[in-house]
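Peer 1: Okay, sequence plus prediction incoming.
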Amino acid sequence: MKKNVYLFLFLLLYGLIYQGMAQAAKEIALVIKVQGVAQVKSGDGDWQTLKNGRRLHSGDFIKTEKDALVAFVFTDDKSMVKIRSQSQIQLNGERDQKGIKKTLLMTLGQIWSKINPKGAGYKMVTPSGVAAVRGTEFYGDVDVSGKTTIIGISGLVVLYNKVDSVLVTAGKTATIEKDKAPILADTRGFTPWAETDDTADTLDIEFEDANGVRKKLRLKYQE
């Protein structure tokens, strides 16, 4: 009888541990800032209000409203991404021995990415092409037609589609449209908007104390 009880407890504990490991394996990023109105959706679920501290899973969708901004970091290497207003993305991540192979599907909007060079890799996929990076800081823009613009800040971005590819370095801007070769030029008249966001390195968490009083805990994020 005792053996059966021990076996039951072992299987129960193993199941809880396995479930926790599976959940952790699916989590790929953590939201560190939400400014304005933004929403998140997992799988076939309903859209929910996106808040600071939200854990993002592979397959999650995010959309931002007017004047909104969302910042999140990947849990394996602390690579950071910021999304501006009226943007639509989907996050995907596949874990291997080096970390999370990150793929960001972007159908509309503006984005800034700062990718850790020691990570497992990062790709931004749009209707007109793919931006593959490793150890790179860059801005991306996708308009309503699917036209994609990549602005290099540091490192190297390979922007390509089935027609051709270009290498985008610091000080260069590349544009690409569906079924057309990408065009590379010098960057002119661009203001780096992510650098003016001086609060994206903090995480505010709201909670209630024993008396039901709502309080806010601010955590400092180090890049």
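Peer 2: Great, that's in hand.
Peer 1: Pick out the residue nearest the middle of this protein.
Peer 2: residue 81 (5.1 Å; CA atoms, centre = their mean).
Peer 1: For the nearest residue to residue 188 once chain neighbours are set aside, pull up the helix or strand it's in.
Peer 2: Closest residue in space to residue 188, ignoring its immediate chain neighbours: residue 173 at 7.8 Å, by CB to CB, 6 or more residues apart in numbering. Every residue, glycine included, has its C-beta placed from N, CA and C. If you go by DSSP states H and E, residue 173 is part of strand 172-176.
Peer 1: before we move on, back to that, beta partners of the residue nearest to residue 188?
Peer 2: residue 151, residue 185 (DSSP bridges).
Peer 1: Now do the contacts for it.
Peer 2: Contacts here follow CB atoms under 8 Å, 6 or more residues apart in numbering; on that basis residue 173 touches 149, 150, 151, 152, 184, 185, 186, 187, 188, 190.
Peer 1: Let's see that with 7 Å instead.
Peer 2: 149, 150, 151, 185, 187 (CB atoms under 7 Å, 6 or more residues apart in numbering).
Peer 1: what's the distance between the third one and residue 131?
Peer 2: With distances taken as CB to CB, to the nearest Å, residue 151 is found 11 Å from residue 131.
Peer 1: cool, the first one as well?
Peer 2: The spacing between residue 149 and residue 131, counted by CB to CB, is 10 Å.
Peer 1: Name the residues contacting each of the two.
Peer 2: With CB under 7 Å, 6+ apart, residue 149 and residue 131 have common neighbours residue 140.
Peer 1: Excluding chain neighbours, give the residue nearest to residue 104 in space.
Peer 2: Using CB to CB, 6+ apart, the nearest residue to residue 104 is residue 124, at 4.9 Å.
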